[in-house]
Each structure stands twice: as structure tokens, then as C-alpha cells.
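1. Make a model of this:
(one chain, ligands or ions: 2)
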Amino acid sequence: MALLPILRYPDPRLLKVARPVATVDDRIHRLIDDMLETMYEAQGIGLAATQVDVHERLIVMDVSAQRDAPLVLINPELVARSEDMDFGEEGCLSVPQIYDEVQRYTRVTVRALDRLGQPREIAAEGVMSVCIQHEMDHLIGKVFVEYLSPLKRNRVRSKMLKRSRDEARG
Ligand code: K1U
Ligand code: ZN
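-> Ligands and ions are numbered 1, 2, ... in the order given. Just a heads-up that it's a prediction; the model follows:
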């Protein structure tokens, strides 16, 4: 297993739209293992392949308190969503230390393949619902800051660019 570098906003590669996974083979299994290791090490509750510069429709998540319930969604598709929406605070491993309120559907149902390539349908609410929506946005090139006002988004962008410059200077 290996830790993968996570792209940082505003890296233009985060804007790419992912293509479907063609075959759930050994390469995909290795990628899943590496993404899970990367997500756990970064203390995230989710990670989309886009964030590690792989532009295929694959998400890993673990919203359990014990961090022992990994969930793998390959080629996820939203099949149902609630009418009601809630605001909740979100963060992103590609936008470290930035948190803000985003409005999301309260409940969603997704259809996806699991790690074994078997079709599954998952009805989610609460943190899992929010995380699925956040990660599925990554797969279409959307980062949560796109939901913020242009003023806030520009502030985040400037902060992140300054941080990269400072880190490069050492
Ligand atoms: O996609 C990612 O970068 C992972 C992201 C998922 C996420 C967190 C919060 C709401 C929606 C989606 C993270 O795991 S950020 C780090 C984190 O663990 C966290 C941050 C804020 C609230 C809860 C968790
Ligand atoms: Zn994210």
C-alpha cells in the first residue's frame, strides 16, 4: 500500500470530470487500498479518485466513529434524493483548514459497484449523505468552495495560493 499525494485547491486538475471505471481489476483494487490508506492517514471521512489525480469514478469513505467501516463506491449514480435540504459544515482534504456551510439534500440513494464489482444500492442520511454528495461533486470537477459566495471563494483561493508560496519558500 502507498500514501498518495492529495491535490490542493485551486489545482486545475480538481476541475476534471472523471470517466467511469471500465473494469474492477487488480489496478482498481490497489488504487482502493492506497486511497483508503491516504484517507485514514489524512483523517478524512472520504476521498474521491479525482483528489489523487486519477480521473475515474471511484470514491472511498468511512464515517464510522471507530474508523473500521470502509465503504467503496465505484461508478456511483444518484438514483433518488429527498426534497428537503439542510445546511452543514464541510471541510475538504484538498482545501485544508477551510470549513464552511453548504446546503445538501438531507437523504440520497446511490447505486454503485462495491470493491468486488457487485452492484449495490445505498440509502444514506446524515454525515454519510453529505459525504456522498461532497465526493460525487469531486467526480464532476466540483470542489465545495464553489457553493460559497464569490467573495468567500476568492478569499479561500488567495489563502491557499499564499500557503503554497510560503510552503515552497520553506
Ligand atoms: O473529500 C474530502 O476532501 C474529504 C472530506 C469529506 C467531507 C467532510 C465533511 C463534510 C463533507 C465531506 C473530509 O474528510 S474533510 C476532513 C474531515 O474529516 C471533516 C471535516 C469537517 C467535518 C467533518 C469531517
Ligand atoms: Zn473534498
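
2. Make sure Gln43 is indeed in a strand.
-> No - looking at Gln43 with DSSP: H, G, I helix; E, B strand; the rest coil, it is coil, so not inside a strand.

3. What about it, how many residues nearby?
-> 8 (other Cβ atoms under 10 Å). All C-beta spots, glycine's among them, are computed from the backbone N, C-alpha and C.

4. Check Asp84 too.
-> Quick note: Asp84 (other Cβ under 10 Å) scores 8 neighbours.

5. Check the one 3 residues further on too.
-> When neighbours are counted by other Cβ under 10 Å, Phe87 registers 10.

6. Just give me the residue closest to the centre of the protein.
-> Glu135 (3.1 Å; Cα atoms, centre = their mean).

7. which residues sit in contact with that one?
-> Contacts for Glu135 were tallied using Cβ atoms under 8 Å, 6 or more residues apart in numbering; they are Gly46, Leu47, Ala48, Ile59, Met61, Leu73.

8. Next: His138.
-> Leu14, Ala48, Thr50, Gln51, Ile59, Ser94.

9. what about the longest helix in this structure?
-> helix 150-169 (DSSP state H).

10. What mean pLDDT does it get?
-> Mean pLDDT, computed over helix 150-169, is 96.

11. list the buried ones in that helix?
-> Arg153, Val156, Met160 (16 or more other Cβ atoms under 10 Å).

12. would you turn those into CSV with distance to Ala18?
-> Supplementary listing: the buried residues of helix 150-169 in CSV, determined by distance: Cβ to Cβ, whole Å:
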residue, distance to Ala18
Arg153, 22
Val156, 23
Met160, 22
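
13. Looking at those residues, spot the one nearest Pro5.
-> Of all the buried residues of helix 150-169, Pro5 sits closest to Met160, with 15.5 Å by Cβ to Cβ.

14. Alright, calling it a day.
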